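# I need the structure of the sequence given here:
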Amino acid sequence: MNIRRRELLKLGTLAAAGSALTATAWAQDFPSKPVTIVVPFAPGGNTDIVARTVAVALGKVLGQSVIVDNRAGAGGSIGAMQVARAAPDGYTLLLCGAGVVVTVPEMVKTSYSRSNFAPLGLVNKGSMVLLARRNETKFKSFKELAAYARSGEGKLIAAHSGPGTPNHLALLQLETLLKTKFTIVSYKGSGPALIDLIGGQVDVHFDQVSSSLQHIKGGALQPLAVLGPTQDPSLPGVQTVAELGFGEIDGTTYVGVLAPSGTPKAVQDKLAAALAQAVKDPQTVNSARELGSVAYSSTPQEFARLLDAEYALASQATKDGRLKAD
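I've put the predicted structure just below:
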């Protein structure tokens, strides 16, 4: 190796070390201004409430204000696109479920994909429940519902909260387990679907426990089964689909925080550690409990595995022609 080449290699090594030191120093100073969490849904929903509680706790940990910015529309893709295009400096984050990042791009053309985001960690999880009217005469239990659905293709009228939502994907899983087809009615959110379920326009609805608990406690709706690996503490005694002998449906819903994919690793690590601490804040824990969900933290790697699983399910459903935008 000649002297010139050795000098260039040495300079390259020094430059790389200098860049690493600069990135580390920058991460130590981060954040030096307010951080924004983009929520890709309207104010007042469960995701928004989770975001605002986490923002307060995260602000305490980081020592900076954390602002919630609602950018609703197009199944969450408007808010997601904003974060995907943001400067990758850790000051603009996305809080949402996996569906916004991996399912929506499978259904419609978006200017972003999962590769545009770096998962930082989960902050909340909840169960979904299969609901019917309290005075329903066609079936009184999940087993009776299964028999009714199998008695004629399209006979059971099932609602979900929108194409690509966890509710929709869980419904498709149940169709597969029962080896039949439902008449599927898509709504723009859980609220309208619950109204029509109570009014008798649909037979069943797959919904988050957090948004349906008041109707269950009020006596308008009855839970037929929990969609998840375990029973939900908010619904004691309500068995899971697996416990009822019909196979596994993981209807657990997760909410997590992501950064633009080019965000420096040192900044990602600092944000991930701060999020994990914020999720343990008593206010975060109590707020989640009041919603009927659980404050739940994870590593970035666990969140990434969740995105992988959601993508596999959504991709296959799209190929089968069962997952389409309205």
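# So which bits of stretch 141-152 are buried?
Using 16 or more other CB atoms under 10 Å as the test for burial, stretch 141-152 gives 142, 145-146, 148-149. All C-beta spots, glycine's among them, are computed from the backbone N, C-alpha and C.
# That should have said stretch 39-52, apologies.
Of all the residues in stretch 39-52, those buried under the rule 16+ other CB under 10 Å are 39-41, 45-52.
# do stretch 297-317 as well
The neighbour-count check on stretch 297-317 (16+ other CB under 10 Å) flags 297-298, 300, 302-303, 306-307, 310-311, 313-314, 317 as buried.
# before we move on, the earlier item: same list, the buried residues of stretch 141-152, but as TSV with distance to residue 240 please.
Compiled in TSV, the buried residues of stretch 141-152 are given as follows (distance: CB to CB, whole Å):
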residue	distance to residue 240
142	10
145	15
146	14
148	20
149	18
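# Kindly indicate which of the residues you listed lies nearest residue 242.
Relative to residue 242, the closest of the buried residues of stretch 141-152 is residue 142; by CB to CB it sits at 11.3 Å.
# Please narrow the buried residues of stretch 39-52 to those residing in strands.
Secondary structure of the buried residues of stretch 39-52 is defined by DSSP state E; positions in strands are residue 39.
# From the buried residues of stretch 39-52, pick the one nearest residue 280.
For the buried residues of stretch 39-52, the nearest to residue 280 is residue 50 (14.6 Å; CB to CB).
# For the closest residue to that closest one other than its chain neighbours, list the residues it contacts.
Counting by CB to CB, 6 or more residues apart in numbering, residue 124 is the residue found nearest to residue 50 once chain neighbours are left out, at 4.8 Å. The neighbours of residue 124, taking CB atoms under 8 Å, 6 or more residues apart in numbering as the test, are 50, 54, 254-255, 279, 288, 293-296.
# who's residue 124 bridged to?
With DSSP bridges as the criterion, the beta-bridge partners of residue 124 are residue 255, residue 295.
# still on that earlier bit, is it possible to get TSV of the buried residues of stretch 297-317 that adds secondary structure?
As requested, the buried residues of stretch 297-317 are exported to TSV (DSSP: H, G, I helix; E, B strand; the rest coil):
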residue	secondary structure
297	coil
298	coil
300	helix
302	helix
303	helix
306	helix
307	helix
310	helix
311	helix
313	helix
314	helix
317	helix
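# re earlier: among the contacts of residue 124, which one lies nearest to residue 154?
For residue 154, the nearest member of the contacts of residue 124 is residue 254. The distance, counting by CB to CB, is 31.4 Å.
# The closest one and residue 99 touch, don't they?
No - no contact is recorded between residue 254 and residue 99 when judged using CB atoms under 8 Å, the distance being 9.9 Å.
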